[in-house]
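Participant: Structure for this input, please:
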Amino acid sequence: MAVDEKDVKLLMALIAQASASRFGKYCKIDFQVKDDCPELTDAKYASEIGMIMIWGSLGAVTLKVHFDIDVAIRYTAQSLGHAVDQVTEKTAREFVREMGNLIAGYLRGFFGKNKVVLGMSLPFLAKGEDESIFRKIRDPRAHFNRWILKSPLGDLNCTAEVLFLEVETIAILNPIIKTEIEVFRSKTEPDDGDVEFI
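Facilitator: You can find the predicted model right below:
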């Protein structure tokens, strides 16, 4: 049984809203989400990539935040309340890794509350040009989405690849996912504490 395209779009919207929420909360910025952006044929979206994976019987998600280090430094400085020149490249990279961890942790928790158990990798970094390799090894059954988190501090390109294994489960969860997206859009989600990455 093939997954319904509406179910794919709904899950991708949830992932995009979760990314805007997590980055926005810790950077104290209200991000605009530019969704359904086309996949680029160039080798990379930015000079570096923060990646994390979650998986389980439902399927697998590979989430990537594509960033240039100067943009990451500005967001890290904003989050910490520091001047830009006080933030090292190492700290900025750790910040992006931790944001990936928080987004994936949210998704894992959301599905866990709804009786879908998922595992989660540690976040890791890659070079931007590695995207050309990732494209070649992508499972042909996987669905792809790209969105941009936009703010005056700079754009963050984000991508997700989702492979569905339990099509029936994702269809059953549709009403809950829709409600969760509305919570994100209404800015009424509960606080989940401070970020720690250094």
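
Participant: what about the helices in this protein?
Facilitator: 5-27, 69-80, 89-113, 131-137, 167-172, 174-186 (DSSP state H).

Participant: Quick one: closest of the ones you listed to Thr159.
Facilitator: Evaluated with Cβ to Cβ, those place helix 131-137 nearest to Thr159, the distance being 8.4 Å. Backbone N, C-alpha and C define where each C-beta goes, glycine included.

Participant: buried stuff in that closest one?
Facilitator: Applying a neighbour-count criterion of 16 or more other Cβ atoms under 10 Å, one finds Glu131 buried in helix 131-137.

Participant: Relative to the whole chain's centre, how far out is it?
Facilitator: Helix 131-137 sits 18 Å away from the centroid of its parent chain (Cα atoms, centre = their mean, to the nearest Å).

Participant: repeat for stretch 47-57
Facilitator: 8 Å.

Participant: same thing with stretch 152-169?
Facilitator: 6 Å.

Participant: Dump the C-alpha coordinates for that stretch into PDB.
Facilitator: Presented in PDB, the C-alpha positions along stretch 152-169 are these (Å, rounded to 0.1, in the frame of the first residue of the first chain):
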ATOM      1  CA  PRO A 152      16.900  39.000   9.500                       C
ATOM      2  CA  LEU A 153      19.900  37.000  10.900                       C
ATOM      3  CA  GLY A 154      20.100  34.900   7.700                       C
ATOM      4  CA  ASP A 155      18.400  31.900   6.100                       C
ATOM      5  CA  LEU A 156      18.700  28.300   7.200                       C
ATOM      6  CA  ASN A 157      18.000  25.700   4.500                       C
ATOM      7  CA  CYS A 158      16.500  22.600   6.100                       C
ATOM      8  CA  THR A 159      15.800  19.300   4.400                       C
ATOM      9  CA  ALA A 160      14.100  16.000   5.500                       C
ATOM     10  CA  GLU A 161      14.000  12.600   3.900                       C
ATOM     11  CA  VAL A 162      11.200  10.400   5.100                       C
ATOM     12  CA  LEU A 163      10.800   6.700   4.400                       C
ATOM     13  CA  PHE A 164       7.400   5.300   5.400                       C
ATOM     14  CA  LEU A 165       7.100   1.700   6.500                       C
ATOM     15  CA  GLU A 166       3.800   1.700   8.400                       C
ATOM     16  CA  VAL A 167       1.500   3.600   6.000                       C
ATOM     17  CA  GLU A 168      -1.700   2.800   8.000                       C
ATOM     18  CA  THR A 169      -0.200   4.200  11.300                       C
END
